[in-house]
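Peer 1: model the structure of this input:
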Amino acid sequence: MEATGRYVRETVGATGPASEADQLAKLSEIRACGDISDEEFRQAKEKVLHS
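Peer 2: Numbering: from 1, shown residues only. Have a look, this model is predicted:
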């Protein structure tokens with residue numbers, strides 16, 4: 001779950017929020033690297049799509 005928290009901090013960083021597509025792409029990269037599980041990906045994706 002630490003990777004998810006790190007992702008959120010990076011995404012909301014100084015440049016402001018990224019688009020939904022950018023956020024989902026980044027989440028996908030993080031999952032592909034094995035830094036988050038499929039379940040963590042699903043939860044983070046839901047947050048992106050419903051925020």
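Peer 1: use CA for all of it now, contacts and neighbours both
Peer 2: Fine.
Peer 1: what about the chain, any weak spots by pLDDT?
Peer 2: The chain contains residues with pLDDT under 70 at 1, 8-17.
Peer 1: please enumerate the helices of it.
Peer 2: 2-11, 20-32, 38-49 (DSSP state H).
Peer 1: for I36, see how far away G5 is.
Peer 2: 10 Å (C-alpha to C-alpha, to the nearest Å).
Peer 1: whoops, A25 was the one
Peer 2: 14 Å.
Peer 1: of the two, who's got more company?
Peer 2: Using other C-alpha atoms under 10 Å as the criterion, A25 and I36 rank with I36 on top: 20 against 12.
Peer 1: go ahead and confirm that one touches R6.
Peer 2: No - I36 lies out of contact with R6 (C-alpha atoms under 8 Å); the separation is 10.9 Å.
Peer 1: what's around G34, how many residues?
Peer 2: Neighbour tally, G34, other C-alpha under 10 Å: 11.
Peer 1: phi, psi for it please.
Peer 2: phi 90, psi 10 (degrees, to the nearest 10).
Peer 1: neighbours around L24, how many?
Peer 2: L24: 18 neighbours (other C-alpha under 10 Å).
Peer 1: A18 now?
Peer 2: 14.
Peer 1: gap between it and V48?
Peer 2: For A18 relative to V48 (C-alpha to C-alpha), the value is 10 Å.
Peer 1: can you list residues touching both of those two?
Peer 2: Shared contacts of A18 and V48, defined by C-alpha atoms under 8 Å, 6 or more residues apart in numbering, are absent.
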